[in-house]
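# Any chance you can model this:
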Amino acid sequence: MSSALTDLLPHPIVQAPMAGGVSVPRLAAAVSEAGGLGFLAAGYKTADGMYQEIKQLRSLTQRPFGVNLFMPQPEHPGASTGSTATAGAAPSHAAAVDVYAHQLAGEAAWYETELGDPDSGRDDGYDAKLAVLLDNPVPVVSFHFGVPGADVLESFRRAGTFTLATATTPDEALAVERAGADAVIAQGVEAGGHQGTHRDNPEAEGAGLGVLTLVSQVRETVGIPVVAAGGIMRGGQIAAVLAAGADAAQLGTAFLATHESGANVVHKQALTNPLFVRTELTRAFSGRPARGLVNRFLREHGPYAPAAYPEVHHLTVPLRKKAAASGDAQSMALWAGQGHRQARELPAGRLVEVLAAELHAASTALSAHPKGPTR
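The predicted model follows:
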């Protein structure tokens, strides 16, 4: 690994930032204390809410940790995500959201709640969060749904913060490098939760690269460190992405089931529940492609959900909260990667230790048979 990454994490294991209350301070602290890199997810939080979680995390560990930010969303689907949000939406875009809201009216009636306001904001408090993180620097900051401007990344560099941004294609990885980020997260299509594409392009839906292919292509495209993400659940898989050219691996679903995870217990149980046998990329809950366990809500509404993030996200928030409160897994956003059936219910620190041991065993076996097994 590069020396900068080595200083941050003794084991090449990064806990993915999972928004919606999963990546809580106690989870990030447990991962960092065990030698991985724990992450807080600032998405969907206020700047003050993020700051309070950072304070709590700092009281739990002295080890490095990271904070993840969502980039502001452009006005039109498919546009590049930049560092400045544009208010408003095209009439056709707004009309598609209205049609989807009409379709969800029955869900709202069933749960005895109102749908959320789709016009609740497009920037996720981005500028305020930047100000907090630059005034009170943290070791690592990562970005999802795009890459910030060079000025932002340079400001973090001067503050001593290591920066990463997600890419789902080699071209996006090149944009991350050119903007001045310290490393790129190569997110394969297997990953649970939202795909971190820089453009939400419906025409390219389903064309995502698997993590091994993506890592090898990104490694040949950029010179900065690469963190692999997407369906990784075992130490042997970490060894595989390292062999493909990654410097570390980021795992989300693997940590979702841990004791310290803030995920709803219904969500945790669904990962290995035989009722949920597969995952799909869907816009049903948020308007942006995200991988989750296939349930009733996804099946019934996914085919009709418009490319409208964050409008659809705001629209469905009350429904998802009601479903979670009532323990209704069939209407929750059960984000999960393709390897969800391999989830292990362990303390997060213990999981890091197990993954590190599995990685060591796989690497040792590879060294013993560099040309592959004999026949």
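# can you pull the contacts of Pro64?
Going by C-beta atoms under 8 Å, 6 or more residues apart in numbering, Pro64 touches Asp7, Leu8, Leu9, Ser32, Leu37, Pro139, Val140. C-beta: built from backbone N, CA, C; applies to glycine.
# hmm, 7 Å instead?
Contacts for Pro64 (C-beta atoms under 7 Å, 6 or more residues apart in numbering) come out as Leu8, Ser32, Leu37, Pro139, Val140.
# Okay, and which of these map to strands?
Val140 (DSSP state E).
# the strands in this protein, which residues?
For the chain, strands defined by DSSP E occupy the ranges 13-15, 38-41, 65-70, 140-144, 162-167, 183-187, 193-194, 226-229, 248-251, 279-282, 290-293.
# who does the third one touch, helix- and strand-wise?
In other words, strand 65-70. Helices and strands touching strand 65-70, by 3 or more C-beta pairs under 7 Å, 6 or more residues apart in numbering; DSSP states H and E, are strand 38-41, helix 47-60, helix 126-135, strand 140-144.
# in its sheet, what does it sit against?
Using DSSP bridges, the strands paired with strand 65-70 are strand 38-41 (parallel), strand 140-144 (parallel).
# just the angle between that strand and strand 162-167, please?
Going by axes from the mean of the first three to the mean of the last three C-alpha atoms, to 10 degrees, strand 65-70 is angled at 40 degrees with respect to strand 162-167.
# hang on, the earlier thing: what's the closest of the strands of the chain to Glu107?
strand 279-282 (15.0 Å; C-beta to C-beta).
# Touching the closest one from outside, list them.
Contacts of strand 279-282 (C-beta under 7 Å, 6+ apart): Pro289, Ala290, Arg291, Gly292, Leu293, Val294, Leu298, Gly302, Ala336, Gln338, His340.
# got the contact list for the last one?
Right, His340. By C-beta under 7 Å, 6+ apart, the neighbours of His340 are Thr253, Leu271, Thr279, Leu293.
# again, only using 6 Å
Neighbouring residues of His340 by C-beta atoms under 6 Å, 6 or more residues apart in numbering: Thr253, Leu271.
# Make 613 the starting number, not 1.
Got it, the first residue is 613 from now on, which makes the last one we talked about His952.
# And the pLDDT at it?
Predicted confidence (pLDDT) for His952: 98.
# State the distance from it to Ala616.
Note on His952: its distance to Ala616, by C-beta to C-beta, to the nearest Å, is 32 Å.
# Same question for the first one.
Pro901 sits 31 Å away from Ala616, taking C-beta to C-beta as the criterion.
# These two - which one has more neighbours?
Between Pro901 and Ala616, counted using other C-beta atoms under 10 Å, the more crowded position is Pro901 (24 against 13).
# Could you list which residues are in contact with the more buried one?
Contacts of Pro901 (C-beta under 6 Å, 6+ apart): Gln807, Leu893.
# repeat for Ala779
Taking C-beta under 6 Å, 6+ apart as the criterion, Ala779 is in contact with Ala785, Val788, Val796, Ala798.
# Can you tell me which of those residues is nearest Ala935?
Nearest to Ala935, judged by C-beta to C-beta, of those is Ala798 at 32.7 Å.
# Quick check: that closest one vs Tyr656, distance?
24 Å.
# And for Leu716?
Leu716 sits 19 Å away from Tyr656, going by C-beta to C-beta.
# same question, Leu742
Distance, Leu742 to Tyr656, using C-beta to C-beta: 16 Å.
# Between the two, tell me which one has more neighbours.
Counted by other C-beta under 10 Å, Leu742 and Tyr656 do not tie: Leu742 has more neighbours, with 18 against 15.
# Need the pLDDT of the more buried one.
Leu742 carries a pLDDT score of 98 in this model.
# What sits closest to it if chain neighbours are left out?
With sequence-adjacent residues excluded and distances taken as C-beta to C-beta, 6 or more residues apart in numbering, Leu742 is closest to Val764, at 6.6 Å.
# residues contacting the residue nearest to Gly951 when sequence neighbours are not counted?
Leaving aside its chain neighbours, Gly951 sits nearest to Met845 (3.9 Å; criterion: C-beta to C-beta, 6+ apart). With contact set as C-beta under 6 Å, 6+ apart, Met845 has these partners: Ala866, Gly951, Gln954.
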